[in-house]
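Q: Predicted model, plus sequence, below.
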Amino acid sequence: MTPVRKRRLIIACLVLAAAGIAGTLMTFALQENLTYLYSPSDVLEGKSPADGRFRLGGVVREGSLARTSGTLDVHFDVTDLVADYPVLYTGILPDLFREGQSVIARGRVHDGVFVAEEVLAKHDETYMPPEVAEKISESHVRAAQIRAEQAAAGTSDGSAAQDSAPDSDQGSAQ
């Protein structure tokens, strides 16, 4: 191998190594800044990061809004209409924030309470963020499956008795 080719090969390898290192660092930086959306049901089931930041989406439960007098602390519950999760926010809430409306809060869980760093409220009466609507519909489907499983478990003894009855009728008809 000539010295010129050897030098070119070394330069090409260094450029590829630098590009690989830069790509790896960018990937780690982007992953650190990602905040995924979870519903209250997801948080209660342990699907959210235990010590990391994430977004909690749902609807502000009616009657749950409480302000601490003399401070900017606001306590409220976010619900996906299946489960509720308590939220603490210190700061000024958006003008459109109110009970019964969609909300997305960004923060982390501390001692069983979601401590929000930022609260976003929807911008009109008919709009619900697509991510929140999806999480709420997933929670409804999950709740329906649980109810169906419970109903099937509760009626499995009765259905077995009903299943055996038609067999005995058919046997007597022969």
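A: Structure received. Residues are numbered from 1 along each chain as shown.
Q: quick one: the residue positioned nearest the centre of the chain and residue 75, what's the gap?
A: Of all residues in the chain, the one closest to the mean position by CA atoms, centre = their mean is residue 38, 1.2 Å from it. In this view, residue 38 and residue 75 are 19 Å apart by CB to CB, to the nearest Å. Every residue, glycine included, has its C-beta placed from N, CA and C.
Q: excluding its backbone neighbours, what's nearest the residue nearest to the centre of the chain?
A: Nearest non-adjacent residue to residue 38, counting by CB to CB, 6 or more residues apart in numbering: residue 48, 4.4 Å away.
Q: Dihedrals phi and psi, the one you found?
A: The phi and psi torsions at residue 48 (degrees, to the nearest 10) take the values phi -90, psi 160.
Q: same question, the one 10 residues further on
A: Backbone torsions of residue 58, given as degrees, to the nearest 10, read phi 170, psi -150.
Q: Could you report the neighbour count for it?
A: 30 (other CB atoms under 10 Å).
Q: residues contacting it?
A: Counting by CB atoms under 8 Å, 6 or more residues apart in numbering, residue 58 touches 39-40, 78-81, 85, 102-103, 132, 135-136.
Q: now residue 57
A: Contacts of residue 57 by CB under 8 Å, 6+ apart are 37-39, 78, 80, 102-105, 129, 131-132, 135.
Q: ok, the contacts of residue 58 vs residue 2, which is closest?
A: Nearest to residue 2 out of the contacts of residue 58 is residue 135 (CB to CB; 62.7 Å).
Q: Leaving out sequence neighbours, find the closest residue to that closest one.
A: Counting by CB to CB, 6+ apart, the residue nearest residue 135 is residue 39, at 3.7 Å.
Q: Roughly how far does that neighbour sit from residue 16?
A: Distance from residue 39 to residue 16, by CB to CB: 43 Å.
Q: Tell me the secondary structure at residue 116.
A: Following DSSP: H, G, I helix; E, B strand; the rest coil, residue 116 is assigned to strand.
Q: count of neighbours near it?
A: Residue 116: 24 surrounding residues under other CB under 10 Å.
Q: same deal with residue 60?
A: Residues near residue 60, counting by other CB under 10 Å: 23.
Q: can you check residue 88 too?
A: Neighbourhood size, residue 88 [other CB under 10 Å]: 17.
Q: Show me what the helix or strand it falls within is in contact with.
A: Assigned by DSSP states H and E, residue 88 belongs to strand 84-90. Strand 84-90 has contacts (CB under 8 Å, 6+ apart) with 40, 43-44, 56, 58, 61, 64, 71-79, 105, 107, 112-116, 119.
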